[in-house]
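Undergrad: Give me a 3D structure for the following:
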Amino acid sequence: MNPNPKRLDRIDVGILNALQQNAKVTNAELARAVNLSPTPCFNRVRALEKLGLFKQQVTLLDPEPLGLSINVFIQVSLEKQVEHALERFEKAISEQPEVMECYLMSGDADYLLRVVMPDMRTLERFIIERLTTIPGVSNIRSSFALKQVRYKTALPLPAQGLTLVDADKNADWD
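TA: Predicted structure coming up:
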C-alpha cells in the first residue's frame, strides 16, 4: 500500500470502522480484524493518521449515571445575522460546558444547541443567567428529548473503499 493514500481501499475502511467502534483496540487485534500482520496494519494506521482522518480519540460517557438526565435542543435566534454578532455568540457558546453541540442553521432559528443538564432548575439558570445575557440573542425555544432512539459517533463508510475529498489539502506529510 502507498503509505500516503488518496484512495482508501477496503482494508483502510475496515481499519477506520474498527477504530470508530473502539479506539482502544490493540494493533494486534486490529490487524487480526482486517486480516493483516501487525506491521503493515500499524503502517496503514499511521498513513491514515497523516491524512488527517482522525479528528480525536475520546471516551464516550453515559450521562445518566453522571446525573445528566435532561437532553435539550435549544433554537436560538439573533437580532442580526452579521459576522460580528455570529462570532460573539459562537465564542460565548464555546465557553459553556453544558453545550454539547452547536450548529449554525438555515431556516427559522440561527443556531441549534444540544445541551445536557442534571435538572430543570439548572436548565432554567443556564437559559436565564447565561444564554439570554449573550448580546444579540432575540429568541430562544427549547425542545426536550423524551427518549434517545439512536445515538452514534461512527461515520458511514462504504465497505469497498472510497476516494478522499480534498486529499491534497491533507497532504502535509511531504
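
Undergrad: tell me the domain boundaries of the protein?
TA: Annotated domains of the chain cover 1-59, 64-144 [automatic domain parsing].

Undergrad: would you list those domains in CSV and tack on mean neighbour count and mean pLDDT?
TA: (Glycine included, C-beta is placed from N, CA and C.) As requested, those are exported to CSV (neighbours: other C-beta atoms under 10 Å; pLDDT from 0 to 100):
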stretch, mean neighbour count, mean pLDDT
domain 1-59, 15, 91
domain 64-144, 14, 97
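
Undergrad: quick one, which of those is nearest to residue 162?
TA: Closest of the domains of the chain to residue 162 is domain 1-59, at 5.4 Å (criterion: C-beta to C-beta).

Undergrad: where's the closest one relative to the chain centroid, distance-wise?
TA: 19 Å (C-alpha atoms, centre = their mean, to the nearest Å).

Undergrad: show me the contacts for residue 70.
TA: By C-beta atoms under 8 Å, 6 or more residues apart in numbering, residue 70 lies in contact with 116, 117, 118, 119, 120, 122, 123, 144.

Undergrad: so which strand or helix has the spatially most central residue of the chain?
TA: When C-alpha atoms, centre = their mean is applied to the chain, the residue found nearest the centroid is residue 153 (7.1 Å). Using DSSP states H and E, residue 153 falls within no helix or strand.

Undergrad: Could you report the separation of it from residue 90?
TA: Per C-beta to C-beta, to the nearest Å, residue 153 is found 22 Å from residue 90.

Undergrad: Ok, residue 47 next?
TA: Relative to residue 90, residue 47 is positioned 34 Å away (C-beta to C-beta).

Undergrad: Residue 149 too?
TA: 29 Å.

Undergrad: Would you mind identifying the next helix or strand past the host helix or strand of residue 11?
TA: Under the criterion of DSSP H and E, residue 11 resides in helix 10-21. The helix or strand immediately downstream of helix 10-21 is helix 27-33, counting by DSSP H and E.

Undergrad: what's that next one packed up against?
TA: Using 3 or more C-beta pairs under 8 Å, 6 or more residues apart in numbering; DSSP states H and E as the contact test, the elements touching helix 27-33 are helix 10-21, helix 38-50.

Undergrad: closest one to residue 137 among those?
TA: Minimum separation from residue 137 across these (C-beta to C-beta) falls at helix 10-21, 35.7 Å.

Undergrad: tilt between the closest one and helix 38-50?
TA: Between helix 10-21 and helix 38-50, the angle comes out at 70 degrees (axes from the mean of the first three to the mean of the last three C-alpha atoms, to 10 degrees).
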